[in-house]
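*Asks:* Model the following, please.
(one chain, ligands or ions: 1)
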Amino acid sequence: MCKADKLQTLTSNRWFDLSGKVALVTGSGRGLGYEIARALASAGAIVALNGRDPVNVDRATDRLSREGLKVAGFAGDAEIDADKLIADVVSRLGRMDILVSGVGQRDRRGTENISNDDFGRLLKVNLVSAYGLARSALAPLKASGAGRLIFITSIAGPIARSGDPAYTAAKGGLAALMRSLAVEFGKYGMTVNAIAPGWFATESNRQYIGRRDIETFIGARVPLGRWGSPKEIGGAAVFLASCGSSYVNGLTLTVDGGLSVSF
Ligand SMILES: NC(=O)c1ccc[n+]([C@@H]2O[C@H](COP(=O)([O-])OP(=O)(O)OC[C@H]3O[C@@H](n4cnc5c(N)ncnc54)[C@H](OP(=O)(O)O)[C@@H]3O)[C@@H](O)[C@H]2O)c1
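*Replies:* As a prediction, the model looks like this:
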């Protein structure tokens, strides 16, 4: 629990301590989700890893277990089987205090090539499924007494690049959904926030890493002058999941090396 009157008794190393908490991170077989799972587990949480490919989930679970972290694998499609995924986590791990909704997909082919159906599919993966997951998780997060719901949005949404209409609309919608749920779920002692990553060197950006035009763009436009390393996302998740953020509700925490505030 993160009751205000208890906060003053926390020693400095306990502000971000997640011992006793159970977290589910969807889309954590690799990439940002994996590093978020790793960070939450390093802060003491028991973390449920998830992805569609059971081999990836097993590999990620083994790797983190070998680091001495408390993790368990839950292979499955978080978009299609949200109810089952949440029920499995609660049944195996006993509770759920933290949900990080990390699944996302992008299509940068541009408006002339993204059909209405493609647009709808992207909205479904990035936005509708996150809503479904949040609904499925509401009962255990309420029961937690201090539930934490964290959406992974993007700097795409508040700002845009050409040729990216569906992802930009979906992630912008996800940020709006986050604000709406932050207002609605506050009465349950829950906080709802988002992390908006900038350009991170993950598998999903493989085709851009090392490309001269992109490297030039990142060097010039990102004040820190480089890609984000996936390991640099975890701290934001630990903060938003911990007592250290007990009065932070409805925030999008941007992690982009300063890109979105520069011009
Ligand atoms: N990388 C960036 O620069 C960046 C920037 C802004 C925002 N983001 C957002 O951050 C999130 C993660 O991005 P990433 O680059 O780390 O992606 P990634 O490297 O492609 O990893 C995505 C992970 O999600 C899993 N996944 C995909 N669909 C799933 C589903 N329906 N159910 C369960 N798991 C699923 C994948 O495993 P399986 O394929 O086995 O399911 C994989 O483990 C996304 O929401 C993305 O939009 C990323």
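
*Asks:* How about the residues of the stretch 51-200 of the chain by the ligand?
*Replies:* 51-53, 56, 77-79, 102-104, 152, 154, 197, 199-200 (CB under 6 Å from any ligand atom). (C-beta placed from N, C-alpha, C; glycine too.)

*Asks:* Can you tell me which of those are buried?
*Replies:* Neighbour-count burial (16 or more other CB atoms under 10 Å) applied to those gives 51-52, 56, 78-79, 102-104, 152, 154, 197, 199-200.

*Asks:* Low-confidence ranges, the protein, go.
*Replies:* Applying pLDDT under 70 to the chain flags residues 1, 12.

*Asks:* same thing but 50
*Replies:* Applying pLDDT under 50 to the chain flags no residue at all.

*Asks:* longest helix in it, by residue count?
*Replies:* When the chain is parsed with DSSP state H, its longest helix is helix 165-185.

*Asks:* Which elements pack onto that helix?
*Replies:* Helix 165-185 sits against helix 116-123, helix 129-144, strand 148-152, strand 191-197, with contacts defined as 3 or more CB pairs under 8 Å, 6 or more residues apart in numbering; DSSP states H and E.

*Asks:* Let's have those in TSV, adding distance to residue 38.
*Replies:* Formatted as TSV, the helices and strands packed on helix 165-185 follow (distance: least, CB to CB, whole Å):
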stretch	distance to residue 38
helix 116-123	28
helix 129-144	21
strand 148-152	15
strand 191-197	15
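
*Asks:* which of the ones you listed sits most buried?
*Replies:* Among those, the stretch with the highest mean neighbour count (mean count of other CB atoms under 10 Å) is strand 148-152, at a mean of 26.

*Asks:* tilt between that strand and helix 165-185?
*Replies:* Interaxial angle of strand 148-152 relative to helix 165-185 (axes from the mean of the first three to the mean of the last three CA atoms, to 10 degrees): 170 degrees.

*Asks:* so how far is residue 6 from the closest residue to the ligand within the stretch 101-250 of the chain?
*Replies:* Nearest residue of the stretch 101-250 of the chain to the ligand (CB to the nearest ligand atom) works out as residue 104 at 2.2 Å. Separation of residue 104 from residue 6 (CB to CB, to the nearest Å): 35 Å.

*Asks:* What of residue 111?
*Replies:* 52 Å.

*Asks:* Off-centre distance for the helix or strand that contains residue 85?
*Replies:* Per DSSP states H and E, residue 85 falls inside helix 82-93. The chain centre lies 18 Å from the centre of helix 82-93; the measure is CA atoms, centre = their mean, to the nearest Å.

*Asks:* What of stretch 160-169?
*Replies:* On CA atoms, centre = their mean, the centre of stretch 160-169 falls 19 Å from that of its chain.

*Asks:* Buried residues, that stretch. List them.
*Replies:* Neighbour counts over stretch 160-169 (16+ other CB under 10 Å) mark 164, 165, 166, 167, 168, 169 as buried.

*Asks:* what does stretch 57-64 give?
*Replies:* For stretch 57-64, the neighbour count (16+ other CB under 10 Å) marks 57, 59, 60, 61, 64 as buried.
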